[in-house]
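Enquirer: Dropping a prediction and its sequence here:
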Amino acid sequence: MHPESTGDLLMAAARALRRRHSAVLAGWDVTPAQGRALKLVVALDGPRNSVLAERLRIAPRSATEVVDALASRGLVERRPDPSDRRATTVVATDAGRELLTVVERARRWESERFLAGLTADDRRELHRILGALADG
């Protein structure tokens, strides 16, 4: 049996963190896909559904389903696109913005717990390395 490659270890760490983040989101009955979509809706300030699908790297139909779920909970609304009245945009409601703030805080806290076993120097080095890989 060969030792795990660095890539395998990186993927295992990412999966472990993703599981922890999913558990945090479950406390607010939000799926990871819904959390990512809500974050993008706020960051992009009213994107079209097609932009969400592209940015989330999912099919437009899947993006519609995610937006439908968020809208049914009053977290987002569909509004006419001011530049093209035939199209709609997705806008976060006050409740959606509030939930995003709470969820992001909880995710950061969980990430801190996940990384707590590393020294400050190790965390800085990991941050530097991951930043270099993300830029690559």
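Expert: Noted; the coordinates are in hand. The model shown is predicted, which means the values in this text are computed figures rather than measured ones.
Enquirer: Does the spatially most central residue of the chain belong to a helix, a strand or coil?
Expert: Against the mean C-alpha coordinate of the chain, by Cα atoms, centre = their mean, the closest residue is R36 at 2.8 Å. Of the three states, R36 takes helix under DSSP: H, G, I helix; E, B strand; the rest coil.
Enquirer: Let me know whether it touches L56 as I believe.
Expert: Yes - counting by Cβ atoms under 8 Å, R36 does reach L56; the two are 6.0 Å apart. Every C-beta, even on glycine, is put in place using the N, C-alpha and C of the backbone.
Enquirer: Identify the contacts common to the two.
Expert: Counting by Cβ atoms under 8 Å, 6 or more residues apart in numbering, no residue touches both R36 and L56.
Enquirer: For the strand or helix carrying R79, which strands pair with it and how are they oriented?
Expert: Here R79 is covered by strand 76-81, with elements defined by DSSP states H and E. The pairing partners recorded for strand 76-81 under DSSP bridges are strand 84-92 (antiparallel).
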